[in-house]
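Chemist: model the following, please.
(one chain, ligands or ions: 2)
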Amino acid sequence: MNDFIQGLPKVELHLHIEGTLEPELMFELAKRNNVDIPFSSTEEVSRAYNFHNLQSFLDIYYQGANVLINEQDFFDLTWAYLLRCHEDNVLHTEIFFDPQTHTARGIPFDTTVNGIHRALKKGAEELGISSKLIMCFLRHLDEESAFETLEQANRHKDKIIGVGLDSAEVGNPAGKFERVFKEAINQGFLTVAHAGEEGPASNIRDALSLLKVTRVDHGVRCSDDPTLVEQLVAQQTPLTVCPLSNIKLKVFDKMEDHNIVHLLRQGLCVTINSDDPAYFGGYMTDNFMAVANAHPMSKKEIAQFTFNAIEASFISDKEKERLKGMTQNYLEQN
Ligand SMILES: Nc1ncnc2[nH]cnc12
Ligand SMILES: [Zn+2]
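Modeler: Ligands and ions are numbered 1, 2, ... in the order given. Model (predicted):
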(Lines give C-alpha, C1' and ligand atoms only; values in the text may rest on other atoms or scores of the structure.)
(Ligands and ions follow the chains in the order given, each with its own letter.)
Protein backbone atom coordinates (compact mmCIF):
# COMPACT_ATOMS: atom_id res chain seq x y z
CA MET A 1 0.00 0.00 0.00
CA ASN A 2 2.91 2.36 0.70
CA ASP A 3 4.07 2.20 -2.93
CA PHE A 4 0.50 2.77 -4.12
CA ILE A 5 0.21 5.89 -1.94
CA GLN A 6 3.63 7.19 -2.92
CA GLY A 7 2.81 7.07 -6.64
CA LEU A 8 -0.82 8.18 -6.36
CA PRO A 9 -1.50 11.54 -8.06
CA LYS A 10 -2.31 14.11 -5.37
CA VAL A 11 -3.91 17.55 -5.11
CA GLU A 12 -3.31 19.73 -2.05
CA LEU A 13 -5.92 22.32 -1.01
CA HIS A 14 -4.89 23.30 2.52
CA LEU A 15 -1.30 24.41 2.89
CA HIS A 16 0.07 27.49 4.63
CA ILE A 17 3.27 28.46 2.87
CA GLU A 18 4.67 29.90 6.12
CA GLY A 19 4.07 26.44 7.61
CA THR A 20 6.57 24.86 5.21
CA LEU A 21 9.52 26.65 6.83
CA GLU A 22 11.81 23.75 7.72
CA PRO A 23 14.25 24.34 10.61
CA GLU A 24 17.25 24.18 8.23
CA LEU A 25 15.85 26.99 6.06
CA MET A 26 14.91 28.93 9.20
CA PHE A 27 18.56 28.87 10.30
CA GLU A 28 19.81 29.75 6.82
CA LEU A 29 17.46 32.74 6.51
CA ALA A 30 18.15 33.89 10.08
CA LYS A 31 21.85 34.03 9.19
CA ARG A 32 21.31 35.59 5.77
CA ASN A 33 19.05 38.32 7.21
CA ASN A 34 20.77 38.75 10.55
CA VAL A 35 17.62 37.90 12.52
CA ASP A 36 17.83 36.47 16.07
CA ILE A 37 15.94 33.22 16.63
CA PRO A 38 15.49 31.60 20.04
CA PHE A 39 17.02 28.27 18.95
CA SER A 40 20.63 27.15 18.67
CA SER A 41 20.16 23.82 16.86
CA THR A 42 17.60 21.99 14.73
CA GLU A 43 17.20 19.50 17.63
CA GLU A 44 16.18 22.38 19.89
CA VAL A 45 13.64 23.46 17.26
CA SER A 46 12.18 19.94 17.07
CA ARG A 47 11.84 19.86 20.85
CA ALA A 48 9.94 23.18 20.78
CA TYR A 49 7.45 21.75 18.26
CA ASN A 50 5.53 20.02 21.01
CA PHE A 51 2.12 21.65 20.94
CA HIS A 52 -0.87 21.21 23.21
CA ASN A 53 -3.41 23.18 21.16
CA LEU A 54 -3.73 25.54 18.19
CA GLN A 55 -2.60 28.66 20.08
CA SER A 56 0.60 27.05 21.38
CA PHE A 57 1.47 26.26 17.74
CA LEU A 58 0.51 29.70 16.40
CA ASP A 59 2.84 31.42 18.90
CA ILE A 60 5.86 29.51 17.55
CA TYR A 61 4.70 29.68 13.94
CA TYR A 62 4.40 33.50 13.85
CA GLN A 63 7.82 33.76 15.53
CA GLY A 64 9.36 31.49 12.85
CA ALA A 65 8.03 33.76 10.10
CA ASN A 66 10.27 36.60 11.39
CA VAL A 67 13.18 35.28 9.31
CA LEU A 68 11.26 35.97 6.06
CA ILE A 69 12.33 39.44 4.96
CA ASN A 70 13.12 39.71 1.25
CA GLU A 71 11.33 38.59 -1.89
CA GLN A 72 14.02 35.95 -2.40
CA ASP A 73 13.19 34.44 1.02
CA PHE A 74 9.56 33.92 0.01
CA PHE A 75 10.75 32.50 -3.29
CA ASP A 76 13.14 30.05 -1.58
CA LEU A 77 10.44 28.97 0.90
CA THR A 78 7.91 28.30 -1.86
CA TRP A 79 10.41 26.60 -4.14
CA ALA A 80 11.47 24.20 -1.36
CA TYR A 81 7.79 23.30 -0.84
CA LEU A 82 7.27 22.68 -4.57
CA LEU A 83 10.26 20.33 -4.67
CA ARG A 84 8.60 18.32 -1.87
CA CYS A 85 5.35 18.33 -3.86
CA HIS A 86 7.24 16.91 -6.82
CA GLU A 87 8.61 14.06 -4.66
CA ASP A 88 5.07 13.27 -3.44
CA ASN A 89 3.49 13.39 -6.90
CA VAL A 90 1.37 16.44 -6.05
CA LEU A 91 0.11 17.66 -9.43
CA HIS A 92 -1.78 20.73 -8.25
CA THR A 93 -1.64 22.78 -5.06
CA GLU A 94 -3.69 25.67 -3.64
CA ILE A 95 -1.56 27.65 -1.23
CA PHE A 96 -2.49 29.99 1.62
CA PHE A 97 -0.38 32.94 2.64
CA ASP A 98 -0.89 35.31 5.58
CA PRO A 99 0.05 38.83 4.38
CA GLN A 100 -0.73 40.44 7.77
CA THR A 101 1.95 38.31 9.46
CA HIS A 102 4.45 40.14 7.28
CA THR A 103 2.97 43.63 6.80
CA ALA A 104 2.77 43.91 10.62
CA ARG A 105 6.60 43.55 10.63
CA GLY A 106 7.05 46.15 7.90
CA ILE A 107 7.42 43.66 5.03
CA PRO A 108 5.47 45.05 2.05
CA PHE A 109 2.55 43.00 0.69
CA ASP A 110 4.23 43.05 -2.75
CA THR A 111 7.45 41.48 -1.43
CA THR A 112 5.53 38.48 -0.11
CA VAL A 113 3.21 37.93 -3.03
CA ASN A 114 5.83 38.49 -5.71
CA GLY A 115 8.31 36.05 -4.15
CA ILE A 116 5.68 33.32 -3.78
CA HIS A 117 4.29 33.92 -7.26
CA ARG A 118 7.71 33.77 -8.95
CA ALA A 119 8.31 30.33 -7.42
CA LEU A 120 4.82 29.10 -8.41
CA LYS A 121 5.47 30.16 -12.00
CA LYS A 122 8.79 28.29 -12.03
CA GLY A 123 7.01 25.27 -10.48
CA ALA A 124 4.55 25.19 -13.36
CA GLU A 125 7.30 25.59 -15.98
CA GLU A 126 9.94 23.25 -14.58
CA LEU A 127 8.02 20.73 -12.44
CA GLY A 128 4.63 20.72 -14.18
CA ILE A 129 2.86 21.58 -10.89
CA SER A 130 -0.13 23.89 -11.30
CA SER A 131 -1.20 26.13 -8.44
CA LYS A 132 -3.54 28.79 -7.09
CA LEU A 133 -2.85 31.32 -4.36
CA ILE A 134 -5.31 32.16 -1.55
CA MET A 135 -4.80 35.12 0.79
CA CYS A 136 -5.90 34.48 4.39
CA PHE A 137 -7.06 37.10 6.88
CA LEU A 138 -5.84 36.52 10.43
CA ARG A 139 -8.96 36.16 12.51
CA HIS A 140 -7.33 37.39 15.75
CA LEU A 141 -6.90 40.80 14.07
CA ASP A 142 -9.75 43.23 13.46
CA GLU A 143 -12.06 43.85 10.53
CA GLU A 144 -10.30 47.10 9.64
CA SER A 145 -6.98 45.34 9.16
CA ALA A 146 -8.69 42.72 6.97
CA PHE A 147 -10.20 45.49 4.80
CA GLU A 148 -6.76 47.13 4.43
CA THR A 149 -5.34 43.78 3.35
CA LEU A 150 -8.12 43.27 0.81
CA GLU A 151 -7.32 46.70 -0.59
CA GLN A 152 -3.66 45.76 -0.99
CA ALA A 153 -4.64 42.58 -2.84
CA ASN A 154 -6.36 44.63 -5.52
CA ARG A 155 -3.15 45.16 -7.50
CA HIS A 156 -2.50 41.42 -7.47
CA LYS A 157 -5.82 40.04 -8.64
CA ASP A 158 -4.01 38.22 -11.44
CA LYS A 159 -2.09 36.22 -8.79
CA ILE A 160 -4.68 35.67 -6.03
CA ILE A 161 -7.79 33.58 -6.68
CA GLY A 162 -9.48 33.74 -3.31
CA VAL A 163 -9.54 34.78 0.32
CA GLY A 164 -9.55 32.60 3.42
CA LEU A 165 -9.64 32.94 7.20
CA ASP A 166 -7.13 31.39 9.60
CA SER A 167 -5.45 31.77 13.02
CA ALA A 168 -7.22 31.42 16.40
CA GLU A 169 -10.74 30.09 15.80
CA VAL A 170 -12.03 30.13 19.36
CA GLY A 171 -13.11 33.66 20.37
CA ASN A 172 -12.96 35.00 16.79
CA PRO A 173 -16.28 34.11 15.15
CA ALA A 174 -16.88 34.15 11.40
CA GLY A 175 -19.40 36.99 11.84
CA LYS A 176 -16.51 39.38 12.58
CA PHE A 177 -15.52 39.05 8.90
CA GLU A 178 -18.94 38.92 7.23
CA ARG A 179 -18.62 42.35 5.63
CA VAL A 180 -15.07 41.89 4.39
CA PHE A 181 -15.95 38.52 2.82
CA LYS A 182 -18.99 40.11 1.15
CA GLU A 183 -16.75 42.78 -0.33
CA ALA A 184 -14.18 40.18 -1.43
CA ILE A 185 -16.92 38.23 -3.23
CA ASN A 186 -18.09 41.48 -4.88
CA GLN A 187 -14.55 41.98 -6.12
CA GLY A 188 -14.50 38.52 -7.68
CA PHE A 189 -12.53 36.52 -5.10
CA LEU A 190 -13.55 32.97 -4.18
CA THR A 191 -13.90 32.27 -0.45
CA VAL A 192 -12.84 29.55 1.99
CA ALA A 193 -12.44 29.59 5.78
CA HIS A 194 -11.02 27.54 8.61
CA ALA A 195 -13.93 26.32 10.74
CA GLY A 196 -14.65 23.39 13.02
CA GLU A 197 -10.97 22.69 13.74
CA GLU A 198 -10.99 23.56 17.45
CA GLY A 199 -14.28 25.41 17.39
CA PRO A 200 -17.76 23.84 17.41
CA ALA A 201 -19.84 22.59 14.47
CA SER A 202 -21.84 25.84 14.59
CA ASN A 203 -18.72 27.63 13.30
CA ILE A 204 -18.99 25.54 10.12
CA ARG A 205 -22.62 26.60 9.72
CA ASP A 206 -21.55 30.25 10.21
CA ALA A 207 -18.75 29.98 7.64
CA LEU A 208 -21.25 28.63 5.10
CA SER A 209 -24.10 31.05 5.80
CA LEU A 210 -22.23 34.27 6.75
CA LEU A 211 -19.05 34.00 4.68
CA LYS A 212 -20.56 32.00 1.77
CA VAL A 213 -17.50 29.79 1.55
CA THR A 214 -17.28 27.22 -1.21
CA ARG A 215 -15.21 24.87 0.94
CA VAL A 216 -14.42 24.51 4.62
CA ASP A 217 -10.86 24.15 5.93
CA HIS A 218 -10.69 21.36 8.54
CA GLY A 219 -14.40 21.03 9.39
CA VAL A 220 -13.85 17.80 11.32
CA ARG A 221 -16.08 18.90 14.20
CA CYS A 222 -19.09 18.60 11.83
CA SER A 223 -19.61 15.11 13.21
CA ASP A 224 -20.99 16.65 16.42
CA ASP A 225 -24.03 17.77 14.38
CA PRO A 226 -25.69 14.99 12.32
CA THR A 227 -28.01 17.44 10.52
CA LEU A 228 -25.00 19.44 9.39
CA VAL A 229 -23.31 16.25 8.16
CA GLU A 230 -26.41 15.48 6.09
CA GLN A 231 -26.29 18.97 4.62
CA LEU A 232 -22.57 18.70 3.80
CA VAL A 233 -23.19 15.37 2.05
CA ALA A 234 -26.19 16.70 0.10
CA GLN A 235 -24.31 19.82 -1.03
CA GLN A 236 -21.00 17.99 -1.44
CA THR A 237 -19.28 20.82 0.44
CA PRO A 238 -15.58 19.99 0.45
CA LEU A 239 -13.71 19.68 3.76
CA THR A 240 -9.93 20.13 3.55
CA VAL A 241 -8.88 17.85 6.40
CA CYS A 242 -5.32 17.82 7.77
CA PRO A 243 -4.77 14.53 9.64
CA LEU A 244 -1.23 14.98 11.05
CA SER A 245 -2.04 18.56 12.05
CA ASN A 246 -5.11 17.37 13.96
CA ILE A 247 -3.02 14.90 15.95
CA LYS A 248 -0.20 17.38 16.65
CA LEU A 249 -2.70 20.02 17.84
CA LYS A 250 -4.67 17.45 19.88
CA VAL A 251 -7.94 17.78 17.97
CA PHE A 252 -7.90 13.95 18.16
CA ASP A 253 -5.75 11.96 20.61
CA LYS A 254 -4.44 9.51 18.04
CA MET A 255 -4.88 8.75 14.33
CA GLU A 256 -7.05 5.71 15.14
CA ASP A 257 -9.56 8.17 16.68
CA HIS A 258 -9.58 10.48 13.63
CA ASN A 259 -12.96 10.65 11.88
CA ILE A 260 -11.75 11.26 8.30
CA VAL A 261 -12.38 7.74 7.00
CA HIS A 262 -15.78 7.61 8.68
CA LEU A 263 -16.64 10.94 7.00
CA LEU A 264 -15.46 9.57 3.63
CA ARG A 265 -17.67 6.50 4.05
CA GLN A 266 -20.64 8.71 4.96
CA GLY A 267 -20.25 10.31 1.52
CA LEU A 268 -18.67 13.65 2.46
CA CYS A 269 -16.29 15.31 0.03
CA VAL A 270 -13.27 15.03 2.36
CA THR A 271 -9.69 15.59 1.21
CA ILE A 272 -6.24 14.98 2.76
CA ASN A 273 -3.85 17.92 3.21
CA SER A 274 -0.71 18.83 5.12
CA ASP A 275 -1.56 22.28 6.66
CA ASP A 276 1.86 23.24 8.12
CA PRO A 277 4.06 20.26 7.21
CA ALA A 278 7.32 21.61 8.67
CA TYR A 279 5.64 21.83 12.08
CA PHE A 280 3.37 18.79 12.02
CA GLY A 281 5.72 16.05 10.84
CA GLY A 282 4.82 15.42 7.25
CA TYR A 283 3.88 16.41 3.72
CA MET A 284 1.13 14.89 1.53
CA THR A 285 2.40 11.32 1.24
CA ASP A 286 3.07 11.21 5.01
CA ASN A 287 -0.50 12.32 5.70
CA PHE A 288 -1.99 9.70 3.37
CA MET A 289 0.23 6.99 4.92
CA ALA A 290 -0.67 7.97 8.48
CA VAL A 291 -4.40 7.74 7.71
CA ALA A 292 -4.09 4.45 5.77
CA ASN A 293 -1.96 2.84 8.48
CA ALA A 294 -4.50 3.66 11.19
CA HIS A 295 -7.61 2.93 9.08
CA PRO A 296 -7.34 0.05 6.60
CA MET A 297 -8.86 1.14 3.29
CA SER A 298 -9.15 -0.15 -0.26
CA LYS A 299 -7.07 1.47 -3.01
CA LYS A 300 -10.30 2.84 -4.44
CA GLU A 301 -11.09 4.56 -1.14
CA ILE A 302 -7.59 6.04 -0.92
CA ALA A 303 -7.83 7.34 -4.49
CA GLN A 304 -11.23 8.86 -3.63
CA PHE A 305 -9.37 11.49 -1.57
CA THR A 306 -7.65 12.59 -4.77
CA PHE A 307 -10.87 12.54 -6.83
CA ASN A 308 -12.54 14.66 -4.11
CA ALA A 309 -9.63 17.14 -4.08
CA ILE A 310 -9.72 17.50 -7.87
CA GLU A 311 -13.45 18.18 -7.75
CA ALA A 312 -13.04 20.66 -4.85
CA SER A 313 -10.17 22.56 -6.48
CA PHE A 314 -10.38 25.94 -8.21
CA ILE A 315 -9.12 24.68 -11.60
CA SER A 316 -11.17 24.60 -14.82
CA ASP A 317 -13.57 21.75 -15.60
CA LYS A 318 -11.31 20.69 -18.46
CA GLU A 319 -8.30 20.48 -16.16
CA LYS A 320 -10.38 18.58 -13.58
CA GLU A 321 -11.25 15.98 -16.22
CA ARG A 322 -7.58 15.64 -17.20
CA LEU A 323 -6.44 15.06 -13.59
CA LYS A 324 -9.33 12.66 -12.90
CA GLY A 325 -8.34 10.69 -16.00
CA MET A 326 -4.74 10.42 -14.79
CA THR A 327 -5.89 9.26 -11.35
CA GLN A 328 -8.32 6.72 -12.82
CA ASN A 329 -5.54 5.29 -15.05
CA TYR A 330 -3.24 5.04 -12.04
CA LEU A 331 -5.92 3.23 -10.03
CA GLU A 332 -6.58 0.75 -12.86
CA GLN A 333 -2.89 0.02 -13.37
CA ASN A 334 -1.77 -0.34 -9.75
N1 LIG B 1 -4.17 24.79 11.47
C2 LIG B 1 -4.32 26.11 11.47
N3 LIG B 1 -5.43 26.63 11.99
C4 LIG B 1 -5.61 27.95 12.02
N5 LIG B 1 -4.71 28.82 11.55
C6 LIG B 1 -3.59 28.34 11.02
N7 LIG B 1 -2.53 28.98 10.49
C8 LIG B 1 -1.66 28.04 10.11
N9 LIG B 1 -2.11 26.83 10.39
C10 LIG B 1 -3.34 26.98 10.97
ZN1 LIG C 1 -4.76 25.58 8.16
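
Chemist: residue in the protein with the shortest distance to ligand 1?
Modeler: residue 166 (3.6 Å; Cβ to the nearest ligand atom). Placement of C-beta: from N, CA and C, glycine included.

Chemist: quick check: closest non-adjacent residue to that residue.
Modeler: residue 136 (4.4 Å; Cβ to Cβ, 6 or more residues apart in numbering).

Chemist: can you name the element that comes right after the helix or strand hosting the one you found?
Modeler: Using DSSP states H and E, residue 136 sits in strand 130-138. Using DSSP H and E, the helix or strand that follows strand 130-138 in sequence is helix 143-153.

Chemist: given the strand holding residue 136, what are its sheet partners and their directions?
Modeler: Note on strand 130-138: by DSSP bridges, its sheet partners are strand 90-97 (parallel), strand 162-166 (parallel).

Chemist: pLDDT score assigned to the residue nearest to residue 166?
Modeler: With respect to pLDDT, residue 136 has a value of 98.

Chemist: what helix or strand does residue 328 sit in?
Modeler: For residue 328, the element it lies in under DSSP H and E is helix 317-333.

Chemist: ok, back up a step: got JSON lines for the strands paired with strand 130-138, with mean neighbour count too?
Modeler: Shown next, in JSON lines, are these (neighbours: other Cβ atoms under 10 Å):
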{"stretch": "strand 90-97", "mean neighbour count": "24"}
{"stretch": "strand 162-166", "mean neighbour count": "26"}
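
Chemist: any chance of those strands in TSV, plus mean pLDDT?
Modeler: Converted to TSV, the strands paired with strand 130-138 look like this (pLDDT from 0 to 100):
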stretch	mean pLDDT
strand 90-97	98
strand 162-166	98
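
Chemist: what does the helix holding residue 328 rub up against?
Modeler: Contact partners of helix 317-333, identified using Cβ atoms under 8 Å, 6 or more residues apart in numbering, comprise 7-9, 11, 91-92, 130, 299-300, 303, 306-307, 310-311, 313, 315.

Chemist: most neighbours, which of the residues you listed?
Modeler: Most neighbours among the contacts of helix 317-333, by other Cβ atoms under 10 Å: residue 11, with 27 neighbours.

Chemist: where does that one sit: helix, strand or coil?
Modeler: In three-state terms, and counting by DSSP: H, G, I helix; E, B strand; the rest coil, residue 11 is strand.

Chemist: what about it, distance to residue 203?
Modeler: Using Cβ to Cβ, to the nearest Å, residue 11 is found at 25 Å from residue 203.

Chemist: quick one, strands of the stretch 101-250 of the chain?
Modeler: In the stretch 101-250 of the chain, the strands defined using DSSP state E, counting those that start in this stretch lie at 130-138, 162-166, 190-195, 215-218, 239-241.

Chemist: dump the ones you listed to JSON lines, plus distance to residue 327.
Modeler: Listed next are the strands of the stretch 101-250 of the chain as JSON lines, based on distance: least, Cβ to Cβ, whole Å:
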{"stretch": "strand 130-138", "distance to residue 327": "15"}
{"stretch": "strand 162-166", "distance to residue 327": "24"}
{"stretch": "strand 190-195", "distance to residue 327": "22"}
{"stretch": "strand 215-218", "distance to residue 327": "19"}
{"stretch": "strand 239-241", "distance to residue 327": "18"}
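
Chemist: which of these sits closest to residue 56?
Modeler: strand 162-166 (15.8 Å; Cβ to Cβ).

Chemist: list of residues touching that closest one?
Modeler: Residues lying outside strand 162-166 but in contact with it, judged by Cβ under 8 Å, 6+ apart, are 16, 96, 98, 132, 134-139, 150, 153, 174, 177, 181, 184, 189-195, 207, 211, 217, 314.

Chemist: tell me the angle of that strand relative to strand 190-195?
Modeler: Between strand 162-166 and strand 190-195, the angle comes out at 10 degrees (axes from the mean of the first three to the mean of the last three Cα atoms, to 10 degrees).

Chemist: now do strand 162-166 against helix 143-153, angle only.
Modeler: For strand 162-166 against helix 143-153, the angle by the same axes, to 10 degrees is 150 degrees.

Chemist: start the count at 546, not 1, going forward
Modeler: Yep, numbering from 546; the last one is strand 707-711 now.

Chemist: gap between strand 707-711 and the chain center?
Modeler: 10 Å (Cα atoms, centre = their mean, to the nearest Å).

Chemist: over to stretch 680-695?
Modeler: Distance, stretch centre to chain centre, for stretch 680-695: 18 Å (Cα atoms, centre = their mean).

Chemist: start and end of that stretch, how far apart?
Modeler: 9 Å (Cα to Cα, to the nearest Å).

Chemist: so is it next to ligand 1?
Modeler: No. Stretch 680-695 lies out of reach of ligand 1 by Cβ under 6 Å from any ligand atom, never closer than 7.4 Å.

Chemist: buried residues in that stretch?
Modeler: Across stretch 680-695, burial judged by 16 or more other Cβ atoms under 10 Å covers 680-686, 690-695.
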